[in-house]
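K.L.:
Structure for this input, please:
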Amino acid sequence: MSQQVGQVEVRRLSGDSVHQYVDDLARLRIQIFRTYPYLYDGDLDYERRYLTRYLESSESVLVAAFDGERVVGVSTGMPMAESDEDFQRPFKELGYDVGEIFYLAESVLLPEYRGQGVGVKFFGEREAHVSALGAFRFTCFAAVVRPPDHPRRPEGWQPLDAFWRKRGYERQPQIRTMMRWKEIGTVEEVPEVMEIWLKDLDSE
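P.N.:
Below you'll find the predicted structure:
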């Protein structure tokens, strides 16, 4: 399944067809998450281990953006019930059935391809995959929490809150979880607070 967005072709893939794009996703994650607000100091070995979860899930989805044969952006998703137990915990503590939640994970796109509608397609294609599965009430994603005065915040940087709200997602400050990664300038992985944005598909 594919759609054209300007010069970019967006394709939705799932199951075994995800395998061939894992290295592209790893490469883009390392490149794009290195910038603010994630400041992620990643490497390919770690990425390949982390991304194996998508290969193990029959219901995962990967949406890739191509300029010709070159992969310029990727977004992913998987059932929340197949994510780490630590990631599920705050939902369970608030009474959510994690079996009803589909987690929209990475969404990375090279800067020169932004502002052309590809990001909107990333959300639309993943949500279409979730609808086709027919087993989920909620979709969600997590965004790292940074203070407004963070020393590495670039001048003029703006959060994507308005873009996400336009897609139907609402910030859930009561649902926070923790992830760990090696941040630029650190030797070891450090804990990072992630805040959940949630969409109730039944409200549409």
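K.L.:
could you point out where this protein is predicted with low confidence?
P.N.:
Applying pLDDT under 70 to the chain picks out residues 1, 15.
K.L.:
and the biggest helix by length in it, which residues are buried?
P.N.:
Assignment by DSSP state H gives helix 118-133 as the longest helix of the chain. Under the neighbour-count criterion of 16 or more other CB atoms under 10 Å, helix 118-133 has Val118, Gly119, Lys121, Phe122, Phe123, Gly124, Glu125, Arg126, Glu127, His129, Val130 buried. The way it works is simple: take the backbone N, C-alpha and C, and place the C-beta from them, glycine included.
K.L.:
for the first one, what are its contacts?
P.N.:
For Val118, the contacting residues are Val5, Val8, Val10, Ala65, Gly73, Leu109, by CB atoms under 8 Å, 6 or more residues apart in numbering.
K.L.:
how far does whichever strand or helix holds Met179 sit from the chain's center?
P.N.:
Element membership for Met179 (DSSP states H and E) is strand 170-182. Centroid separation for strand 170-182 versus its chain: 13 Å, with CA atoms, centre = their mean, to the nearest Å.
K.L.:
Do you have the helices of the chain handy? List them.
P.N.:
Going by DSSP H, the chain shows helices at 22-32, 44-56, 85-93, 118-133, 161-166.
K.L.:
Indicate which one of those is closest to Phe141.
P.N.:
Evaluated over the helices of the chain, closeness to Phe141 peaks at helix 161-166, with 8.0 Å, by CB to CB.
K.L.:
re the thing from before, from the contacts of Val118, list the buried ones, please.
P.N.:
For the contacts of Val118, buried by 16+ other CB under 10 Å: Val8, Val10, Ala65, Gly73, Leu109.
K.L.:
Next up, the contacts around the third one.
P.N.:
Right, the one you point to is Ala65. 5, 8-10, 71-74, 109, 113, 118, 121-122.
K.L.:
Could you tell me how far the nearest residue to it once chain neighbours are set aside is located from Tyr50?
P.N.:
Nearest residue to Ala65, sequence neighbours excluded (CB to CB, 6 or more residues apart in numbering): Gly73, at 3.7 Å. Using CB to CB, to the nearest Å, Gly73 is found at 18 Å from Tyr50.
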